[in-house]
Every structure is written in structure tokens, then in C-alpha cells.
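Novice: Coordinates only, no sequence provided:
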Ligand code: G6P
């Protein structure tokens, strides 16, 4: 049954709706609520070694790279280790400096993406330590890494990735809390994150249950040829991934931008013909995000906000999609889900081939 659509019409739809159950399965046995941490035996790195890393670098391609950016933020937030992400396709060709006290994380659904695989080999050739965040068990990247975290998302058939990305983000949360708890993350904060992880499946269910309302919002956007997706700091990788999703399956052009950078250039493009999808979590940047939205509205731009019901937009004309709140560090995991559904419904309204978008392959194994 895993390789059938089970009445969904498309694999993408089936895979989006599987997320509450698949994340539940992924978390099984990996949380340690008593000590407020995760159990990641597959990493093959003990606590003493784990606390020696001075830096974390995620590498992956496409959406896996964007989730790497989300993950790097979680690691900086929870473990206070400098972390960043880079496209593996760039990293492997630029003679990267490989440091012995950096933990490299190769992120891949298929485990066969050539650029990511060759980046892994480049790291290892130069003596670096690389772990995998991989879905396909026994795949090349999974085998060649020094250890890792399997995503356990099950088979993903749709070219456009959904559940595997969510599992990558959850995998980073597990890694971040683990790295945090061998360093300065307190027991109380660890417990706060573990509790939030346990709540994710139920919250994912709430989001997929709101599919119909998201479909209505998608209809408002079908005539737009160009869209902005904006977010800042933790919200920016969410915007990048959302824009990517839309481009891949609807063929509408979407550009992701830091909300903070809008005023330094792209604001010139805002008009009633250029809608903006804004990522507005309830955090210390909400007021600034709402400020950017005022600039957009003043120029006639329409706004869809992916937000929380605790955020007040005052008299701003905003079409809102409310997502349940997690903890601020983990909110990006949930904020990403409506963007999958939005892209899906837009592409469906435009009559696109959802599971087989033109020019794209599920797994790019050629160089
Ligand atoms: C291809 C797919 C993307 C995917 C990327 C990385 O370009 O079309 O959707 O994000 O490869 O794939 P991976 O299997 O390494 O996660």
C-alpha cells in the first residue's frame, strides 16, 4: 500500500497527509523525556566527542539545502554552536576548508544525489567527520557517512518533496537538542523541546485538517505570475522552501527574500500584481515583520501571512493562515506545511502535473 496512492489522486497529496503519522513513527524511541534530550545511537558519537565540535555545517541540494538552513538555526539556538548550511553542489567545487572540529551533516532524501555524495567524499578525503540525515536506508550517502540519523519517512514518490523535508527538520531538532544537552542547554530547556517534539504529530494533523481553507487562499493567487515569499531569520529558510515548492509544481515565479532586505531593493517591485506570502511567527521579530507588511500594503501589494493566532495585524489587509505554535526554535517545522498545501492547490488549479513536474527528476544522480 505504501507505493499506491490510496485514493489520493497524487502521491504528493498522499505524502503531505501522511506527515502526522510518519513524524510520530520517526520520533518513536528517540526521545528521552526524563533527561530532556534525544537518543541518537546511529550517530555513533558519544557525549565526550560530541561536545568537542566547534562548528556544524549542513550540506544538501535543493530543498534539502533549505532545510539545512533551518537546521543550522536550530543548532545555533539550542546548542549555541556556530552553524550554517551550504548547497553541496557549490561546496564540492570550491575547495572547501575542512576542519577537524566541525561536524558536517549531509542531508538527502534519496541518499543518491551526486553533488551531495561527492561533497561527502571531499569532506572525508580531507579528514572531516560527516554524518547523514538520510531517508533511504542503505543508500550511497547513508553507507558512506560515518553515522547518522535515518529519517524513517517511508517511500517518497512525488518529485516535489514534502514529508521527507519535514522529517529532515525534525531530525535537525533531535540533533540540536542532543548537541545542546551535552553543552549548555539546561534540563528544563531540553524538556521544553522534547515536549514540543512530542506535540508535533497532533499539530501537523491540525494543519492538514485545514487543507480546505488553504485551498481557498490558493485560488486567490492563481492569477499571479510573480510572488514574493518573505521571512526573517528563522523564517527565511521557510520562505525559501515555500518559494521553491511553488516554482517546482505550479511554474509560477516566486522569489524568496529576507523581509529585512525588502526595503533595500525589491520593494520597488511591489504592486497589486505582485502578491507576498509572509512568514510571521509569534516571536521577538513579529513587530518588525508587521512593519515590513505595512510597507507592502502601502504600495498596493496583497499579503498572505503564515502566522499564529496570537499575532495581531491590526487594520492591515492580510489573508491569514494560522498554524499552531510550537516552541520558537521549532516553529519553522510547522510553518512550512501550509506552503506545501498552498503550492499543491495552486498547481492543481492551474492543471499542472503534480507528481511529475517538467524538467525535474526526483533524484539527480548525474553530475
Ligand atoms: C532534486 C529534487 C529536489 C531535491 C533535491 C535533493 O533536485 O528535484 O526536490 O530537494 O534533488 O534531493 P535529495 O534526495 O538529495 O534530498
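Specialist: Received it, and whenever you're ready, just let me know what you need. Just so we're clear, the structure is a prediction, and the values are computed from it rather than from any experiment.
Novice: Strands along the chain, start to end?
Specialist: Taking DSSP state E as the criterion, the chain contains strands spanning 31-32, 37-38, 55-60, 83-87, 102-108, 129-134, 148-150, 226-231, 253-258, 276-280, 303-307, 318-322.
Novice: and the ones you listed as JSON lines, adding mean pLDDT, distance to residue 339 and mean neighbour count?
Specialist: Placement of C-beta: from N, CA and C, glycine included. As requested, the strands of the chain are exported to JSON lines (pLDDT from 0 to 100; distance: least, Cβ to Cβ, whole Å; neighbours: other Cβ atoms under 10 Å):
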{"stretch": "strand 31-32", "mean pLDDT": "96", "distance to residue 339": "26", "mean neighbour count": "18"}
{"stretch": "strand 37-38", "mean pLDDT": "97", "distance to residue 339": "26", "mean neighbour count": "24"}
{"stretch": "strand 55-60", "mean pLDDT": "98", "distance to residue 339": "18", "mean neighbour count": "25"}
{"stretch": "strand 83-87", "mean pLDDT": "98", "distance to residue 339": "18", "mean neighbour count": "21"}
{"stretch": "strand 102-108", "mean pLDDT": "98", "distance to residue 339": "19", "mean neighbour count": "27"}
{"stretch": "strand 129-134", "mean pLDDT": "98", "distance to residue 339": "21", "mean neighbour count": "26"}
{"stretch": "strand 148-150", "mean pLDDT": "97", "distance to residue 339": "24", "mean neighbour count": "22"}
{"stretch": "strand 226-231", "mean pLDDT": "96", "distance to residue 339": "8", "mean neighbour count": "25"}
{"stretch": "strand 253-258", "mean pLDDT": "96", "distance to residue 339": "10", "mean neighbour count": "20"}
{"stretch": "strand 276-280", "mean pLDDT": "98", "distance to residue 339": "7", "mean neighbour count": "27"}
{"stretch": "strand 303-307", "mean pLDDT": "98", "distance to residue 339": "7", "mean neighbour count": "24"}
{"stretch": "strand 318-322", "mean pLDDT": "97", "distance to residue 339": "9", "mean neighbour count": "18"}
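Novice: nearest to residue 173, of the ones you listed?
Specialist: Taking Cβ to Cβ as the criterion, residue 173 comes closest to strand 37-38 out of the strands of the chain, the separation being 8.2 Å.
Novice: List the strands paired with the closest one, with their directions.
Specialist: In the sheet containing strand 37-38, the strands it pairs with under DSSP bridges are strand 31-32 (antiparallel).
Novice: how long is stretch 45-62 end to end?
Specialist: According to Cα to Cα, to the nearest Å, stretch 45-62 extends 28 Å from its N-terminal end residue to its C-terminal end residue.
Novice: coming back round to it: the ligand is nearest to which of the strands of the chain?
Specialist: strand 102-108 (3.2 Å; Cβ to the nearest ligand atom).
Novice: Counting by contacts, list what that closest one packs against.
Specialist: Based on contacts counted as 3 or more Cβ pairs under 8 Å, 6 or more residues apart in numbering; DSSP states H and E, the elements that strand 102-108 packs against are strand 55-60, helix 63-79, helix 114-125, strand 129-134, helix 163-181.
Novice: Of these, which stretch is the most buried?
Specialist: Across these, averaging neighbours per residue (mean count of other Cβ atoms under 10 Å) puts helix 163-181 on top, at a mean of 28.
Novice: That one packs against which elements?
Specialist: Counting by 3+ Cβ pairs under 8 Å, 6+ apart, the elements that helix 163-181 packs against turn out to be helix 19-27, strand 37-38, helix 63-79, strand 102-108, strand 129-134, strand 148-150, helix 187-209, helix 331-335.
Novice: Which residues of this protein lie near the ligand?
Specialist: When proximity is defined by Cβ under 6 Å from any ligand atom, the chain lies next to the ligand at 61-64, 108-110, 113, 116, 159, 161, 360, 363-364.
Novice: Most neighbours out of those, which is it?
Specialist: The most crowded member of the residues of the chain next to the ligand is residue 108, carrying 31 neighbours; neighbours defined as other Cβ atoms under 10 Å.
Novice: hang on, isn't that one packed against residue 132?
Specialist: Yes: counting by Cβ atoms under 8 Å, residue 108 sits close enough to residue 132 to count as a contact (7.2 Å).
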